[in-house]
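Colleague: Take this sequence and fold it.
(chains A and B)
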Amino acid sequence: MMPIFAMSVDPWILAFSSVTVVVTIWMGFRSARTSKTASDFFVAGRSVSVGWNASAISGEYLSAASFMGIAGMVMSSGYDALWYPVCYACGYLFLLLFIAGPLRRFGAYTIPDFAEGRFDSPAFRKIAVCFVLFIGFFYTMPQMKGAGTTLAYIFPGLPYWAGVGLVGAVITLNVALGGMKGITLVQAVQYWAKMFAISVPIFVLMAVYGHYGKQLEANGGNVQHPTYNIPLSTNASNAALDVERSPLPEKAPKDETWLSPFGPLTTKAAKAAKLSAEEAKPYSLLYTYSLIIALVCGTAGLPHILVRFYTNPDGVAAKRTTMWVMILIGIFYVFPPVFGVMGRNLFPELYNGIGSKGTDKIVLELPRLLNENYAPIGSILSGITCAGAFAAFMSTFSGLLVSMTGAMAHDVYGRMLRPKSTPEQRMKMFKIFAIVIGGVAMLLGSQVEALEINFMVGQAFAIAAASYFPLLFMAVWWRKLTMKGAATGMLTGGLSAVFAISLSSFSTLAATPGKTGDMFAMFKPLNDFWPHYPLLRILCDQPAIWAVPLAIGLMIIVSKLTSKDVPSDIRMKMLVLHAPEKLGLKQEYIQEHQAGGH
Amino acid sequence: MTKQSPENKPDIHSEEFLHSLMRKQLKLSIACALSFFIVLLGLPLANYFWPDLLAMRVWGFTLTWFVLGIGFFPAVWCIAFYFIKRSIALEDEEVAEVQSDHTPKP
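Modeller: Numbering: from 1, shown residues only, chains lettered A, B, ... in the order given. As a prediction, this is how the structure comes out:
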């Protein structure tokens, strides 16, 4: 290490981050010794208690987007970004209401397992597997951005891609050696680490700089209330005096637009088209709804979350787990926006940063302000948030890697390529695939520095919403769904969402200066095209509003056309999906299936 | 469910049983989902039509910020809690119903 380089590293921050990494790896290795069989690897032996499992699901779910991205986006875009944490949490409710119970009763290791079992079609498994990879890769990119951003913060001067490579390599190794049994424990511990890391610094910061409401009040103290003539302005200006506020740079959105709904995030396309504020409003509403649909439905289709429902011993436990998950993540999601709000008041310099130097690192950097008066508390708290960020992207990346690798080893290799392979061979392939997939994820992650973490996660949700969600929802509740219908709907919906999202992201990347911009130069003309068609831009940015109905509609139409292909034992399948587990229909179904099938 | 006499079997396997089972479950899910959607999809509409009302200040927050940033989570927990309680009860009812049907009458 160069001396200047080492000089600028804050020892507290380095210490906290290293401890997190070392403990994570140590726990992985330790539990690797206790997980021996292949099924241990895939679903943790199916016997994890409600408390552990809820913490583990939450730990896996709270990714870099939740920990860093929300705060960064609230800071950069204001009110509209609040939809992300709310819908990340609400999506769970949707999952609970319509999908969790039936899927759990059906009992299969993965979504491809469910797809095959529900339609008796090994071919459909192959189609379903692709989306584990699509969604997985789209979801790993923001995690990698989180990793690169954090390392670039800890080691000033370290290039973004080096951080991505370093963190990616560590986690990939950990997953290749540990498997999911280790991961369950690690994830559960990491939830509590993240909760601690996001809440403690916020309480200290609020104690010093003024609480959440006050910080918000300092924004837009001059909001006018023509209809409700409440003497707010006096209150607000008093509060504004209490809260110290650094001057906002040119690039930052104005108070009024930042604080109110339909702000910079949702009006970007309309603004580019030079529409007036009134004209832009319907576009913003459309954007908001599409975002809500993507996030709420997308949660139900995240492969790495669903697989954990199978680690509950029974359906009642699965439901209780979901309840706890919602409580755990709900409490968590109150905190990140506070960072965004305080960041706007206290650290507006970040508005001028781009890529890994932008608002996405506010969570890491903000506590350091305390060093002015209370050194070294600022460094310690910043170390804690860095540790939380490590926990966030490491846990989510491991979870994704396990489910993507599981899909490859269990489905592609174990079922398609070599059905007769021994458990040892599959274990070996699990390790090889972990390394290959980890490598690809790092490569992709190194390209997305210019995109906001939260935005990218939202896009992964949109793909899940347009592919897996319709499949699961319709397969569980509509018995006349045929394999062809499901496949057509899922493929068309999912792929068109992937296409739309890629178009919009590529054009954003093309507009960034430097190497990335050159790489995506062929998409530059799109940036001249969007201002003329703001509606298209919104529909590409947030495709859920058309892609989800498209997928469901196609499923219905094609299923009607191929109605003779409805599996003959559909009534039995539906019973297994819906009848209480205590009735023991699952066993009966397996017996019948074995008797009839071979 | 250790003992099931064969002549009673068609009962659980009948079309009616499956229908009522799915109907009951779907009704509960949809009822909960509706209450959730009214809040979730209603807020953007409220923002659209009554921006001034929702810009009212509550403890320094704007009303809409307070609802979305903090108030939403407890509301979702309530719906989830109600759903879980009802759906576990529903399952128990179903099991009890089937089992009572199946006990041979003296």
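Colleague: quick one, longest helix in chain A?
Modeller: If you go by DSSP state H, chain A has its longest helix at helix A:160-209.
Colleague: quick check, it touching chain B?
Modeller: No - looking at helix A:160-209 against chain B by C-beta under 8 Å from any C-beta of the partner chain, there are no contacts, and the closest approach is 11.8 Å. Just so you know, the C-beta spots here come from the backbone N, C-alpha and C atoms, and that holds for glycine as well.
Colleague: need the next SSE after that helix, C-terminal direction.
Modeller: Toward the C-terminus, helix A:160-209 is succeeded by helix A:212-217 as the next helix or strand (DSSP states H and E).
Colleague: Show me what that following helix is packed up against.
Modeller: helix A:160-209, helix A:232-242, helix A:315-346, strand B:61-62 (3 or more C-beta pairs under 8 Å, 6 or more residues apart in numbering or on different chains; DSSP states H and E).
Colleague: wait, isn't residue A:63 in contact with residue A:396?
Modeller: Yes - applying C-beta atoms under 8 Å, one finds residue A:63 in contact with residue A:396, separated by 3.6 Å.
Colleague: Overlap of the contact sets of the two?
Modeller: A:139, A:143 (C-beta atoms under 8 Å, 6 or more residues apart in numbering or on different chains).
Colleague: which parts of the stretch 1-150 of chain A sit against chain B?
Modeller: So the stretch 1-150 of chain A meets chain B at A:79, A:82-83, A:85-87, A:89-90, A:92-94, A:96-98, A:101 (C-beta under 8 Å from any C-beta).
Colleague: Where does chain B get nearest to chain A, which residue?
Modeller: Of all residues in chain B, the one sitting closest to chain A is residue B:60 (2.8 Å; C-beta to the nearest C-beta).
Colleague: ok, how many other residues are close to that residue?
Modeller: Applying other C-beta atoms under 10 Å in any protein chain shown, we find 21 residues neighbouring residue B:60.
Colleague: which ones are touching it?
Modeller: A:211, A:212, A:213, A:214, A:215, A:216, A:217, A:239 are the contacts of residue B:60 under C-beta under 8 Å, 6+ apart.
Colleague: Once you drop chain neighbours, what's closest to it?
Modeller: Computed as C-beta to C-beta, 6 or more residues apart in numbering or on different chains, the closest residue to residue B:60 that is not its neighbour in sequence is residue A:213, at 2.8 Å.
Colleague: That neighbour: what's it in contact with?
Modeller: Neighbours of residue A:213 in contact, by C-beta under 8 Å, 6+ apart: B:58, B:59, B:60, B:61.
Colleague: So what's the residue count around the second one?
Modeller: The burial count assigned to residue B:59 is 12, neighbours taken as other C-beta under 10 Å.
Colleague: correct me, but it touches residue B:66?
Modeller: Yes - under the criterion of C-beta under 8 Å, residue B:59 makes contact with residue B:66 at 7.3 Å.
Colleague: confidence score at the closest residue to chain B within the stretch 101-250 of chain A?
Modeller: Distance from chain B to each residue of the stretch 101-250 of chain A (C-beta to the nearest C-beta) is smallest for residue A:213, at 2.8 Å. Looking at residue A:213, its pLDDT is 81.
Colleague: any low-confidence regions in the chain?
Modeller: Looking at chain A here, since you left the chain open. Residues of chain A that meet the criterion pLDDT under 70 lie in A:1-7, A:28, A:31-48, A:108-109, A:178-183, A:220-243, A:304, A:307-313, A:586-598.
Colleague: nope, chain B
Modeller: Looking along chain B with the criterion set at pLDDT under 70, you get B:1-12, B:101-106.
Colleague: Break down it into its strands, ranges please.
Modeller: Along chain B, counting by DSSP state E, strands occupy B:57-58, B:61-62.
Colleague: Tell me how far the spatially most central residue of chain A lies from chain B.
Modeller: Against the mean C-alpha coordinate of chain A, by C-alpha atoms, centre = their mean, the closest residue is residue A:457 at 4.6 Å. Look at residue A:457 and chain B: by C-beta to the nearest C-beta, to the nearest Å, they are 18 Å apart.
Colleague: what helix or strand does that residue sit in?
Modeller: Residue A:457 belongs to helix A:453-477, assigned by DSSP H and E.
Colleague: Give me the distance from that helix to the chain's centre.
Modeller: Here the centre of helix A:453-477 is set off from its chain's centre by 11 Å, with C-alpha atoms, centre = their mean, to the nearest Å.
Colleague: Next: stretch A:511-529.
Modeller: Using C-alpha atoms, centre = their mean, the offset of stretch A:511-529 from its chain centre is 26 Å.
Colleague: Would you mind pulling the contact partners of that stretch?
Modeller: Outside stretch A:511-529, the residues that touch it by C-beta under 8 Å, 6+ apart are A:354, A:355, A:447, A:449, A:450, A:503, A:506, A:507, A:509, A:510.
Colleague: what comes up buried for it?
Modeller: By neighbour count on 16 or more other C-beta atoms under 10 Å in any protein chain shown, the buried set for stretch A:511-529 is A:512, A:516, A:520, A:523, A:526.
Colleague: Can you give me the end-to-end span of that stretch?
Modeller: End-to-end distance for stretch A:511-529, by C-alpha to C-alpha, to the nearest Å: 13 Å.
Colleague: Mind checking the helices and strands packed on helix A:212-217 for the one nearest to residue A:537?
Modeller: Comparison of the helices and strands packed on helix A:212-217 against residue A:537 by C-beta to C-beta identifies helix A:315-346 as nearest, at 24.5 Å.
Colleague: quick one: is that closest one near chain B?
Modeller: Yes - counting by C-beta under 8 Å from any C-beta, chain B has neighbours in helix A:315-346: A:315-316, A:319-320, A:322-323, A:326-327, A:330-331, A:333-334, A:337.
Colleague: nearest to chain B, of the contacts of stretch A:511-529?
Modeller: Taking C-beta to the nearest C-beta as the measure, residue A:503 is the one of the contacts of stretch A:511-529 closest to chain B, at 25.3 Å.
Colleague: The closest one - that's part of a strand, no?
Modeller: No - Residue A:503 sits outside any strand when classified using DSSP: H, G, I helix; E, B strand; the rest coil, being helix.
Colleague: From residue A:219, how far off is it?
Modeller: For residue A:503, the distance to residue A:219 (C-beta to C-beta, to the nearest Å) stands at 34 Å.
Colleague: who has more neighbours, these two?
Modeller: Using other C-beta under 10 Å as the criterion, residue A:503 and residue A:219 rank with residue A:219 on top: 26 against 18.
Colleague: wait, doesn't that one sit right on residue A:341?
Modeller: Yes - between residue A:219 and residue A:341 there is a contact under C-beta under 8 Å: 7.4 Å.
Colleague: Which helix runs longest in chain B?
Modeller: From DSSP H, the single longest helix across chain B is helix B:15-49.
Colleague: tell me how far it is from the chain's mean position?
Modeller: Centre-to-centre, helix B:15-49 and its host chain are 7 Å apart (C-alpha atoms, centre = their mean).
Colleague: Now for residue B:23, how many residues are close by?
Modeller: For residue B:23, the number of neighbouring residues by other C-beta under 10 Å comes to 10.
Colleague: still on that earlier bit, which one of the residues of helix A:315-346 next to chain B is nearest residue A:205?
Modeller: residue A:337 (13.2 Å).
Colleague: Skipping adjacent residues, who's closest to the closest one in space?
Modeller: Closest to residue A:337 by C-beta to C-beta, 6+ apart is residue A:74, at 4.5 Å.
Colleague: Count the neighbours of the one you found for me.
Modeller: 30.
Colleague: by contact count, what packs against the helix or strand where it lies?
Modeller: If you go by DSSP H and E, residue A:74 is part of helix A:70-77. Judged by 3+ C-beta pairs under 8 Å, 6+ apart, helix A:70-77 is in contact with helix A:83-95, helix A:264-272, helix A:315-346, helix A:362-365, helix A:453-477.
Colleague: Give me the angle between the last one and helix A:70-77.
Modeller: Which is helix A:453-477. Comparing the axes of helix A:453-477 and helix A:70-77 via axes from the mean of the first three to the mean of the last three C-alpha atoms, to 10 degrees yields an angle of 120 degrees.
Colleague: For helix A:453-477, buried residues please.
Modeller: Within helix A:453-477, the residues that count as buried by 16+ other C-beta under 10 Å are A:453-477.
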